[in-house]
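In: Pasted the sequence and its predicted model underneath.
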Amino acid sequence: MTIKDMTAPTNLTGHMLIAMPGMGDPRFEHSVILLCDHSDEGAMGLIINKSSDDLDMPTLLSQLSIDVKDDFEKHPVHFGGPVEMGRGFVLHSPDYKSLVTTLEVRDDIHMTATQDILEDLGKGEGPEKWMMALGYAGWGAGQLEGEIAENGWLICDAVPSIVFDLPDVAKWEAALETLGVGALALSAEGGRA
């Protein structure tokens with residue numbers, strides 16, 4: 001979707017939301033959210049660029065009594081959003097399918113929210129690319145559409161390299177660049193022509 005296309009598609013599943021400057025809620029300031037599900041009933045997404053300062057994957061897996069290989073890297077655990085912050089979600093490449101359930105967000109980004117993926121990650125048998133988030137961002141029917149109409153969010157296609165490969169501090173500007181927009185060009189005040 002380009003910045004010129006001001007009509008949002010009916011279903012934004014698999015797109016990213018980019019918080020506009022001046023976002024009123026500090027939890028979402030400079031956030032990039034991957035929408036995992038969007039319908040007439042509401043939306044659910046994960047913030048992909050805010051990691052926890054005090055929780056990493058080895059610590060989380062230890063708290064869940066999941067064994068970890070000695071060479072397991074200290075991947076961060078992300079703040080996925082303010083809803084159900086004790087619930088975990090793993091965004092990952094499509095090379096992994098849970099025995100229980102895996103949601104295909106896009107053909108190149110999947111999500112699994114069951115403990116078996118954490119056990120497989122601990123054993124080194126999980127997906128090649130992944131990120132862990134606790135909590136999620138949720139919207140009721142029509143709520144997200146209202147926030148978009150009020151210029152709270154820009155919308156772009158999800159890009160796996162932004163989700164999985166970039167450091168968190170670079171994701172917001174990289175998402176903006178997919179629209180051809182520089183951060184300095186954005187205003188905290190929205191408008192309509």
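Out: The structure has been received and is ready for your questions. Numbers count the residues shown, from 1 in each chain.
In: Pull the helix or strand of the chain at the bottom of the mean pLDDT ranking out as PDB, backbone CA atoms only.
Out: Here the helix or strand of the chain ranked lowest by mean pLDDT, DSSP states H and E is strand 51-56, holding a mean of 86. Extracted in PDB, the C-alpha atoms of strand 51-56 (Å, rounded to 0.1, in the frame of the first residue of the first chain):
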ATOM      1  CA  SER A  51      12.100  -5.400  23.700                       C
ATOM      2  CA  SER A  52      12.100  -5.900  27.400                       C
ATOM      3  CA  ASP A  53      15.100  -4.500  29.300                       C
ATOM      4  CA  ASP A  54      15.000  -7.100  32.000                       C
ATOM      5  CA  LEU A  55      13.900 -10.400  30.300                       C
ATOM      6  CA  ASP A  56      15.700 -12.400  27.700                       C
END
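In: helices and strands around that strand, which ones?
Out: strand 76-79 (3 or more CB pairs under 8 Å, 6 or more residues apart in numbering; DSSP states H and E). In short, each C-beta sits where N, CA and C put it, glycine included.
In: Sheet partners, orientation included, of the strand it packs on?
Out: Paired strands of strand 76-79, with direction, are strand 51-56 (antiparallel), strand 130-140 (parallel) (DSSP bridges).
In: for these, which one ends up most surrounded?
Out: strand 130-140 (a mean of 21; mean count of other CB atoms under 10 Å).
In: So what touches that strand?
Out: Outside strand 130-140, the residues within contact range by CB atoms under 8 Å, 6 or more residues apart in numbering are 28, 33, 36, 42-48, 52, 55, 57, 60, 75-93, 96, 118, 121, 147, 163-164.
In: low-scoring stretches of this protein, by residue?
Out: 1-9, 70-71, 183-193 (pLDDT under 70).
In: How about Thr101, nearest residue that isn't a chain neighbour?
Out: Thr114 (6.4 Å; CB to CB, 6 or more residues apart in numbering).
In: right, I mislabeled it, should have said Glu84
Out: Glu84 sits nearest to Gly135 (CB to CB, 6+ apart), 5.8 Å away.
In: State the distance from the one you found to Asp165.
Out: Using CB to CB, to the nearest Å, Gly135 is found at 23 Å from Asp165.
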